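A.B. asks: coords below, sequence missing:
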């Protein structure tokens with residue numbers, strides 16, 4: 001078979017980033033422990049007002065963050081937020097929401113100056129935001145590709161500089177007019193580049209939008225001028241005018257115009273005019289910086305149109321504003337001059353931080369304001385609300401290349417359709433501008449995301465024997481409660497039906513949650529009971545173990561690949577403990593089920609059904625049943641299939657650096673064009689299958705972070721599974737694979753040696769540790785340490801297993817603190833699938849197994 005391995009998928013935009021591997025390959029040789037790769041700075045974002053503030057615009061000067069992290073690489077960061085209002089609440093939050101963000105270099109010195117993002121805030125709400133940073137190879141595997149939601153350009157076709165969000169587009173006539181004009185949009189989109197296309201008529205009616213306003217001789221919509229001796233002076237008579245597109249992106253666009261030698265009265269002014277357009281915003285911010293303008297009264301405003309009423313803020317109120325609302329949308333056509341009847345447009349200008357006077361001349365409604373000093377600055381907000389905005393929006397149901405799969409949606413709830421609604425919007429905007437949200441840096445030092453808070457409480461060091469005793473207490477407590485439930489059997493118990501088994505529990509109460517059926521996990525409970533019976537000879541454990549095992553007998557042929565888990569940890573230990581041939585036959589029937597799932601075209605055991613189209617890394621653990629069957633019967637068929645599956649899994653699912661793919665989909669041999677996705681919900685997908693028989697189609701995960709990450713429990717399955725494959729066969733290829741995976745894990749573990757649910761996501765988006773992955777890893781390392789002939793490697797692998805185990809029993813196995821409310825023997829903080837955070841029955845089992853080996857009681 002051709003060797004094709006699971007490769008990291010890096011998008012075109014990210015192709016410059018390569019996968020980090022070097023440190024992992026040298027860990028054993030250097031005996032170092034991994035350091036965190038990602039660090040975070042915590043911010044508090046606060047809305048001081050009683051308003052809801054969706055998509056609140058936040059700017060954080062990077063100089064503030066660099067006071068904490070002088071070496072920050074702002075080109076490699078990700079911004080996330082929780083609904084927590086304090087650091088304590090944030091540390092207990094399991095899932096953070098990624099916020100599209102953007103860093104901007106404002107002065108073209110190739111150093112980022114500001115971090116910008118938008119965040120939803122409730123009234124008086126504070127939200128904790130984390131700015132995580134680190135190696136680009138890690139950040140950009142976590143960070144989504146943000147769609148462009150703003151744009152800016154210069155084009156002669158539009159007669160100057162343009163900027164836009166999805167809602168509105170604007171242009172500045174870059175000539176002596178220096179007026180700002182408006183393009184209205186009836187469909188959310190970015191249109192400036194289409195408007196700038198040769199021969200495109202942006203005056204014509206379109207389902208997207210068009211030029212909807214006529215400036216005439218006016219200053220324009222929010223443009224800048226001066227009020228000199230009772231007359232408006234436009235920025236017309238200048239020695240030079242220059243423009244610069246500072247930035248465009250998913251969050252904001254910034255354009256800057258510089259006018260030198262502007263003749264104002266008897267003086268000459270150098271004026272910088274900066275426009276900031278935020279994503280999703282109807283309007284923009286216009287900031288001016290003037291040199292040589294001490295005492296000049298500046299002006300901005302709106303065109304004065306006949307029959308379009310004007311409005312203003314109350315005298316002496318802050319901030320001052322002016323607005324117009326009415327039929328002021330221009331009719332379609334290049335030569336049109338008349339307003340279009342039956343549609344309304346509102347325009348507003350609000351001064352920010354300065355007082356102003358309301359004035360008028362023949363063409364303008366104005367706000368004027370004096371500035372003083374050799375260098376003076378002012379900002380105002382300009383916006384337009386058209387009663388046709390977003391009325392042409394389409395939503396894709398499926399197959400976005402097929403227009404029949406688009407639907408037209410009802411009017412947006414944010415649509416402004418009346419004067420009163422528009423004036424309410426103006427007043428609300430004025431309040432928002434007068435009470436800006438604040439951003440405070442809370443961190444005094446950068447730090448990785450912390451482990452769960454209840455693992456940080458200092459507790460006494462537990463011995464292995466003490467930890468086993470705590471687990472025994474939990475087993476006794478659980479068996480006493482669940483025996484009556486299992487005996488009741490109101491209905492047949494199968495993998496998906498009936499009660500009496502459990503997988504997940506509660507971190508606080510320690511109680512196991514009821515579930516339907518024994519799932520794939522039922523035998524870990526019986527496995528614990530058989531282990532306790534073997535080391536204690538107490539008949540109660542045999543009784544409980546046989547009660548659980550008896551449920552599984554006779555159901556072997558109906559199982560998927562989990563037949564390995566279910567019967568290796570139930571029927572096999574039952575046979576070894578009792579010698580009862582019923583259990584041996586049950587285990588062999590389960591092994592035969594794995595044989596039935598084996599596909600010679602792929603060389604692998606299908607995960608879910610005979611002839612299935614995918615295999616998951618978990619099945620490496622299920623090979624234990626085949627190795628046992630080979631050893632028990634001497635029949636090489638069991639070995640041959642297990643050997644084939646393990647070799648092919650090593651080729652396809654283990655990457656060169658030792659990280660692990662969870663799942664591979666392939667052509668099982670029938671060239672099917674529809675594939676089944678399982679795990680986390682079953683679904684069918686259509687996939688163009690042109691691969692040769694047995695060859696892979698794609699790789700994916702349903703429990704890790706992404707297809708190109710390394711799910712920690714799956715990685716632990718690989719370590720343990722390839723170690724047992726080497727133990728069973730002596731095939732050096734399996735040892736080499738196991739060691740490669742071990743080295744990767746040890747290079748990726750956080751300081752307390754208990755992995756995150758995924759080695760790529762170090763608590764940035766999902767803050768889940770997985771104690772079950774730690775327990776499985778410790779068991780795999782312990783076995784690996786006993787199989788290598790290299791004394792130093794053996795020592796280091798065993799020390800790693802001991803370190804992981806000690807961390808688990810001291811910080812995750814209850815009780816951790818003196819006043820721990822959770823009953824004894826509960827291994828907290830497992831993660832079956834993010835963002836689940838619970839005790840897990842298989843975490844309990846593998847911790848017990850590892851502890852018994854370390855304590856010298858392994859059988």
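C.D. replies: Yes, it's here. No experiment lies behind these values; they were computed from the predicted model shown.

A.B. asks: residue 133: what secondary structure?
C.D. replies: Three-state assignment for residue 133 (DSSP: H, G, I helix; E, B strand; the rest coil): strand.

A.B. asks: in the sheet, who's paired with residue 700?
C.D. replies: Residue 700 has these beta-bridge partners by DSSP bridges: residue 663.

A.B. asks: likewise residue 267?
C.D. replies: With DSSP bridges applied, residue 267 shows beta-bridge pairing to residue 264.

A.B. asks: isn't it up against residue 292?
C.D. replies: Yes: contact criterion C-beta atoms under 8 Å: residue 267 and residue 292 qualify, at 6.2 Å. (Glycine included, C-beta is placed from N, CA and C.)

A.B. asks: so what touches the longest helix along the chain?
C.D. replies: Using DSSP state H, we find that the single longest helix of the chain is helix 464-488. Helix 464-488 has contacts (C-beta atoms under 8 Å, 6 or more residues apart in numbering) with 462, 493, 499-502, 510, 512, 525, 528-529, 532, 540-541, 544, 547-548, 551, 805, 809, 813-815, 823-826, 844, 847-848, 851-852, 854-855, 857.

A.B. asks: just those: which are in helices?
C.D. replies: Under the assignment DSSP H, these contribute 525, 528-529, 532, 540-541, 544, 547-548, 551, 805, 809, 844, 847-848, 851-852, 854 to helices.

A.B. asks: so, low pLDDT: which residues of the stretch 451-600 of the chain?
C.D. replies: Within the stretch 451-600 of the chain, no range satisfies pLDDT under 70.

A.B. asks: repeat that with 80
C.D. replies: Where the stretch 451-600 of the chain drops to pLDDT under 80, the residues are 458-459, 490.

A.B. asks: likewise for the stretch 751-859 of the chain?
C.D. replies: 857-859.

A.B. asks: buried members of the contacts of helix 464-488 into ChimeraX, please.
C.D. replies: A single ChimeraX command selects the buried members of those (16 or more other C-beta atoms under 10 Å):
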select :462,493,499,500,501,502,510,512,525,528,529,532,540,541,544,547,548,551,805,809,813,814,815,823,824,825,826,844,847,848,851,852,854
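
A.B. asks: for the residue nearest to residue 343 when sequence neighbours are not counted, give me its contacts.
C.D. replies: Nearest residue to residue 343, sequence neighbours excluded (C-beta to C-beta, 6 or more residues apart in numbering): residue 329, at 5.1 Å. Residue 329 makes contact with 184, 212, 213, 339, 340, 343, 344, 345, 386, according to C-beta under 8 Å, 6+ apart.

A.B. asks: and residue 329, how far from residue 342?
C.D. replies: Going from residue 329 to residue 342 by C-beta to C-beta, to the nearest Å gives 9 Å.

A.B. asks: and the nearest residue to residue 257 once chain neighbours are set aside, what is it in contact with?
C.D. replies: Nearest non-adjacent residue to residue 257, counting by C-beta to C-beta, 6+ apart: residue 273, 4.5 Å away. By C-beta under 8 Å, 6+ apart, the contact set of residue 273 is 224, 235, 256, 257, 258, 259, 286, 287, 288.

A.B. asks: which neighbouring elements make contact with the helix or strand where the fourth one lies?
C.D. replies: If you go by DSSP states H and E, residue 257 is part of strand 252-264. Under the contact definition 3 or more C-beta pairs under 8 Å, 6 or more residues apart in numbering; DSSP states H and E, strand 252-264 sits against strand 101-104, strand 151-155, strand 160-164, strand 240-247, strand 267-278.

A.B. asks: count of residues packed around residue 234?
C.D. replies: 19 (other C-beta atoms under 10 Å).

A.B. asks: so what's the residue nearest to it when sequence neighbours are not counted bridging to?
C.D. replies: In space, not counting the residues next to it along the chain, residue 234 is nearest to residue 225; the distance is 5.0 Å by C-beta to C-beta, 6+ apart. Under DSSP bridges, the beta-bridge partners of residue 225 are residue 234, residue 299.

A.B. asks: against residue 236, how distant is residue 225?
C.D. replies: 9 Å.

A.B. asks: buried stuff in the strand holding residue 257?
C.D. replies: The neighbour-count check on strand 252-264 (16+ other C-beta under 10 Å) flags 252, 253, 254, 255, 256, 257, 258, 259, 262, 264 as buried.

A.B. asks: the first one and residue 116 touch, don't they?
C.D. replies: Going back to what we said before, that points to residue 252. Yes: using C-beta under 8 Å, residue 252 makes contact with residue 116 at a distance of 5.3 Å.

A.B. asks: anything in contact with each of the two?
C.D. replies: 57, 102, 104.

A.B. asks: out of those residues, which is nearest to residue 596?
C.D. replies: Of all the shared contacts of residue 252 and residue 116, residue 102 has the smallest distance to residue 596: 54.2 Å, by C-beta to C-beta.

A.B. asks: nearest residue to the closest one in space, please, no chain neighbours.
C.D. replies: In space, and not counting its chain neighbours, residue 102 is closest to residue 251: 3.9 Å by C-beta to C-beta, 6+ apart.

A.B. asks: let me see the contact set for the residue nearest to residue 234.
C.D. replies: The contact partners of residue 225, taken as C-beta under 8 Å, 6+ apart, are 178, 219, 232, 233, 234, 235, 298, 299, 300.

A.B. asks: rewinding a little: tabulate the shared contacts of residue 252 and residue 116 (TSV), appending neighbour count, pLDDT and distance to residue 562.
C.D. replies: Output for the shared contacts of residue 252 and residue 116, formatted as TSV (neighbours: other C-beta atoms under 10 Å; pLDDT from 0 to 100; distance: C-beta to C-beta, whole Å):
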residue	neighbour count	pLDDT	distance to residue 562
57	20	98	50
102	23	98	46
104	22	98	51
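
A.B. asks: got CSV for these, with distance to residue 765 too?
C.D. replies: Compiled in CSV, the shared contacts of residue 252 and residue 116 are given as follows (distance: C-beta to C-beta, whole Å):
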residue, distance to residue 765
57, 23
102, 19
104, 24
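
A.B. asks: just those residues now: which is nearest residue 561?
C.D. replies: Among those, and counting by C-beta to C-beta, the member closest to residue 561 is residue 102, at 45.1 Å.

A.B. asks: ok, how many other residues are close to residue 54?
C.D. replies: 12.

A.B. asks: before we move on, back to that, most surrounded residue in the contacts of residue 225?
C.D. replies: Busiest of the contacts of residue 225 [other C-beta under 10 Å] is residue 219, holding 28 neighbours.

A.B. asks: mind checking how far that one is from residue 386?
C.D. replies: As judged by C-beta to C-beta, residue 219 and residue 386 stand 21 Å apart.

A.B. asks: much appreciated, bye for now.
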